[in-house]
Structures are given as C-alpha cells and as structure tokens.
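Asker: take a look and give me a structure for this.
(4 chains)
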There are 2 protein chains.
Amino acid sequence: MTELTTPRRGRPRSADADLAILAATRAALAEHGWGGLTMGDVATRAGVAKTTLYRRWPSRNELVVDAVAVLFDDLEMIDLGSLRADIEAVVQQFADLLALPESQAALLALFAEATRDPALRQRVREAIIDPQKRLVHQGRAAAQARGELPPDADPEVAAQDVDIIFDTIAGAVEHRVLVLGACADPQWISRFTTLLLAPLTALHQD
Amino acid sequence: MTELTTPRRGRPRSADADLAILAATRAALAEHGWGGLTMGDVATRAGVAKTTLYRRWPSRNELVVDAVAVLFDDLEMIDLGSLRADIEAVVQQFADLLALPESQAALLALFAEATRDPALRQRVREAIIDPQKRLVHQGRAAAQARGELPPDADPEVAAQDVDIIFDTIAGAVEHRVLVLGACADPQWISRFTTLLLAPLTALHQD
DNA sequence: AAGCTTTCGCTACGAGTCGTAGCGTATATG
DNA sequence: CATATACGCTACGACTCGTAGCGAAAGCTT
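Answerer: I've put the predicted structure just below:
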C-alpha cells in the first residue's frame, strides 16, 4: 500500500486512520457513487482532515484502488468435487462481489480512468485483477488431480489457457453484472458454465 | 436521438450543428479522455455556444452516448463460409472498434455512469449494446444454413443461447481491450474462438 | 411583405470541488 | 530536552458546472 521502509524519526502515521479512510471511501462510494465521491466527504466520514488524505494518496484513483482491493481477498476456490461445481461456485462469488454497491460504483470508473493512466492501470491489475487468476489455477489443479483434465503438457500453453479462460470469465461476469446491471442468477451461471466446460477439455486437441 | 415529432413553427434546429457537436465530442474524447471532456471545449470545437449543447442534450452522458453509438453502425457479419472464420472476423472488428481512442475514453466511463442512472443504462443498452446482438443472430443463421449448427429447436432456448454467447463475447473483448488495454491480436482471437466453438455445437445436448 | 416563433451566440453568475499552502499543535525518536 | 514528522484547521485561486438574460438571426405563417 504505502511504504514502510525505514523506521523514520518523527510521529508515525496512524494505522487506524488508514483503515478509517479506506472504510469511509467504500461507504461514500456505496452511498453516493463515483461521481458523488469527494475527498472532503471521505475525510469527514473518516474523522480526518482533507490534507491527511493527500499526504497518503496522490489522488482519488489510487485511494479507491486500495479501498476496493481488499474486497477481493475473500474470493476462494473451494474444492467441491467436480469442475462444474467449482466453476459455478467461484463465478457466483465473483458475481456477488461485483454486485456490491461499492464495487458497482468503483470498478468501472477505475477501469475508465486507467484507460488514460498506464500507472493506474498497472496498479489496478496488480492489486485487483491479476491476483484472482489464482482461482483458475487452483480450479485446474483440482480438476487435474481428479482426472477431469489432462495434466499440463506445455507450461507456456497452460499459462495461455489460464489467461484466456480468466479473461473470458472475468469479462462475461463484468459485462453481465456491471455493464448490464443484471443479476447473475444460478441459471445464468449454469448456462455460462456449460459454455465453458466443453472447451476446457477440448482445448488441448488443436 | 432527439425528437422530430411535430414540424414546429419557429427557426428549426441546425442539423449541421448536431453532426458538428457529435464529431467534436468524439474528437475531444480522443484527445483529452473522459475526465478532460468539458462542455465548453466541445462547444468551442463545434463552433457552437455552450448553451446550445444544453438545449439539445440534458447532460454530458447522453451526448456521449449519441456521439459514440454511430461508431457501432459499421460492425457487420460477413459470411466467410465457416463459423470459425465468421466469429474471428466479427471479434476482430469489435476489438478494433474498442481500440479507438474515442471508445477507450467513452465506453467504460459511460458504463460506470450508467451504474447509478437506470435511464442512462437503458439508453446505453438500446443505442450501443443490444443492437450488436444482430451479429450473433446472423452468424448462427449462416452456420445453420451451412449445416454447421442444428436449427433452433425451441426459440426461447435459442434466444437464451444468443444472449449468453453475446455476453461472453462482448465481455471478453471488453475485458481484454478496454480493461487490460491489451491488443486483441489474431492469436488471441483464434484461441478465444476455439474456446467458443465447442459449446456452440454441444450446448444443445443438455 | 409583415409578424410570429424558436433558435442561436454571447456574457455573466452562484455554487461546488479541486489541490495546495501556512500555521500551530500533537506525538514519536535520540 | 531537542528534533522531526504527522495532524487538524483555515483559507485560497483556479476550474467547471448548469442556468439566466439579452439581442440578433432564421424560418414558418398569413
């Protein structure tokens, strides 16, 4: 998040303030959306001066990245005994997460801002997007252990497979939940999983 | 776009101004991005007073919808003789379209704004997103004519299939091009098409 | 041609947010 | 105790917003 390099000399920054600011940011996002998010409001909610925000985060964008990133820590791949069940469970978790008002308000706006700010885009990827690829890796490993999927032949090809599967899952859920604003009901998830399952076993034939 | 109901009495609105404003909006988006888009700038570029903008569009969001929507009119499904070729061509067109600076600047920001504005979300869907489903319909029809796909058994099921396929394609390309900012090279498109092709033929088995 | 109606360009305005600077105070280290 | 940093507070110029008011331009109606 911020730097904790040298044990500096003067008064240290309050760690409570960090948590309060991030929580206040999420609350403000949920209540007023991205457009209604003002630094003054966040500061007031957190019981902190506006200047304190600017001492810790260079701008609103970076602040929101840190505030939202923690939401994604809860995602986990639980081995349910079948590839279909595992996929459906993870997709459901992901869809529920994106349905939160904080996520709705923050994610697309962050992605939009990142369009013109390469540093922000990298930060978004590192803090929010890329870590979730672990879920695909875990799901594949579990399926391979069960014999549902063949073991990785070429590690490079396997990495590409993971990337494109992740792009597809993430993109479809983003489109469904964030862009369209439709709920990801179990029926949709079941159909989408069906769409995914065939190539997962067939992709190695070419 | 706007209303052209009754042939009103006084001075009619300049149709040239409409086109100039929409073109100026796209140019301003491409140059300064969503955050740098100001109504004053658009007005100056279009050679028009700022008040004229507000007489025609209630806010920046609706203006941008109309400015960007026309870009999507160029998408078309050309029968190339095989389902794979058709999918790849359409995905390539879509990816190229999203790679335009105007699209990069506008689309995700519009989606984000629509998150908190149901009327805007509906307008975005009607003007930008939903019309593109025609491409999936045309691709399916062509594949069915060729015998690559079985004819629709239940029209309701067919409609759901089209929806979920569209969500998946649109979402994956949006994620790849807009969110990640990665180019959609032919190799990625080929892999993604492989991912799609199996279920297109297998989805009717359940 | 005369008259009416609506649009247009221009200017000005209050409101709101931005990000920064300055100050005195609080809280840590050596 | 001296030093160094963080903190809260206030104030500030700059910017954009969306609106109101005005006189002039442009088309329709009789």
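
Asker: mind checking how far A:Ala142 is from DNA strand D?
Answerer: 44 Å (Cβ to the nearest atom of the strand, to the nearest Å). Placement of C-beta: from N, CA and C, glycine included.

Asker: wait, A:Thr168
Answerer: A:Thr168 is 36 Å from DNA strand D, by Cβ to the nearest atom of the strand.

Asker: that residue sits in which helix or strand?
Answerer: helix A:155-173 (DSSP states H and E).

Asker: in that helix, what counts as buried?
Answerer: Within helix A:155-173, the residues that count as buried by 16 or more other Cβ atoms under 10 Å in any protein chain shown are A:158, A:161-173.

Asker: give me the pLDDT value at the most centrally placed residue in chain A.
Answerer: Against the mean C-alpha coordinate of chain A, by Cα atoms, centre = their mean, the closest residue is A:Ile128 at 4.0 Å. Predicted confidence (pLDDT) at A:Ile128: the value is 98.

Asker: so what's it up against?
Answerer: For A:Ile128, the contact set (Cβ atoms under 8 Å, 6 or more residues apart in numbering or on different chains) comprises A:Val65, A:Val68, A:Ala69, A:Phe72, A:Leu107, A:Leu110.

Asker: make it 6 Å
Answerer: A:Ala69, A:Phe72 (Cβ atoms under 6 Å, 6 or more residues apart in numbering or on different chains).

Asker: again, but for A:Glu174
Answerer: Applying Cβ under 6 Å, 6+ apart, the residues contacting A:Glu174 are B:Gly171.

Asker: for the one 4 residues further on, same thing?
Answerer: Residues in contact with A:Leu178 (Cβ under 6 Å, 6+ apart) are A:Leu98, A:Leu108.

Asker: helix/strand/coil for it?
Answerer: Using DSSP: H, G, I helix; E, B strand; the rest coil, the three-state assignment for A:Leu178 comes out as helix.

Asker: the buried residues of helix A:155-173: which ones sit near chain B?
Answerer: Applying Cβ under 6 Å from any Cβ of the partner chain, the subset of the buried residues of helix A:155-173 adjacent to chain B comprises A:Ile164, A:Asp167, A:Thr168, A:Ala170, A:Gly171, A:Ala172.

Asker: quick check: phi and psi on whatever residue of chain A ends up closest to DNA strand D?
Answerer: Residue of chain A nearest DNA strand D, by Cβ to the nearest atom of the strand: A:Gly10 (2.3 Å). Main-chain torsions, A:Gly10, degrees, to the nearest 10: phi -60, psi -150.

Asker: look at whatever residue of chain A ends up closest to DNA strand C and report its pLDDT.
Answerer: Residue nearest to DNA strand C within chain A (Cβ to the nearest atom of the strand): A:Arg11, separated by 3.1 Å. According to the prediction, A:Arg11 has pLDDT 87.

Asker: now do the contacts for it.
Answerer: Per Cβ under 6 Å, 6+ apart, neighbours of A:Arg11: none.

Asker: host element of it?
Answerer: Per DSSP H and E, there is no helix or strand for A:Arg11.

Asker: can you pull the contacts of A:Ile21?
Answerer: A:Ala46.

Asker: report the rounded mean pLDDT for the helix or strand that contains it.
Answerer: Element membership of A:Ile21 [criterion: DSSP H and E] is helix A:15-32. For helix A:15-32, mean pLDDT rounds to 95.

Asker: can you tell if that helix touches DNA strand C?
Answerer: No. Contact of helix A:15-32 with DNA strand C (Cβ under 7 Å from any atom of the strand) is absent, the minimum separation being 9.1 Å.

Asker: send the alpha carbons of the helix or strand just after that helix over as CSV?
Answerer: Moving toward the C-terminus from helix A:15-32, the next helix or strand (DSSP H and E) is helix A:39-46. Only the C-alpha atoms of helix A:39-46 are listed here, as CSV (Å, rounded to 0.1, in the frame of the first residue of the first chain):
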residue,chain,number,x,y,z
MET,A,39,-12.3,14.0,-0.9
GLY,A,40,-13.9,16.3,1.6
ASP,A,41,-16.7,13.8,2.2
VAL,A,42,-14.3,10.9,2.7
ALA,A,43,-12.2,13.0,5.1
THR,A,44,-15.3,14.0,7.1
ARG,A,45,-16.6,10.4,7.3
ALA,A,46,-13.2,9.1,8.4
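
Asker: mean confidence for whichever helix or strand comes after helix A:39-46?
Answerer: Following helix A:39-46 in sequence order, the next helix or strand is helix A:50-56 (DSSP H and E). Taken as a whole, helix A:50-56 carries a mean pLDDT of 95.

Asker: ok, residues contacting helix A:50-56?
Answerer: Against helix A:50-56 from outside (Cβ under 6 Å, 6+ apart): A:Met39, A:Gly40, A:Ala43.

Asker: what confidence value was assigned to the last one?
Answerer: A:Ala43 is assigned a pLDDT of 96 by the prediction.

Asker: in contact with it, which residues are there?
Answerer: Contacts of A:Ala43 by Cβ under 6 Å, 6+ apart are A:Lys50, A:Leu53.

Asker: what's the closest non-adjacent residue to A:Gly47?
Answerer: A:Ala20 (6.5 Å; Cβ to Cβ, 6 or more residues apart in numbering or on different chains).
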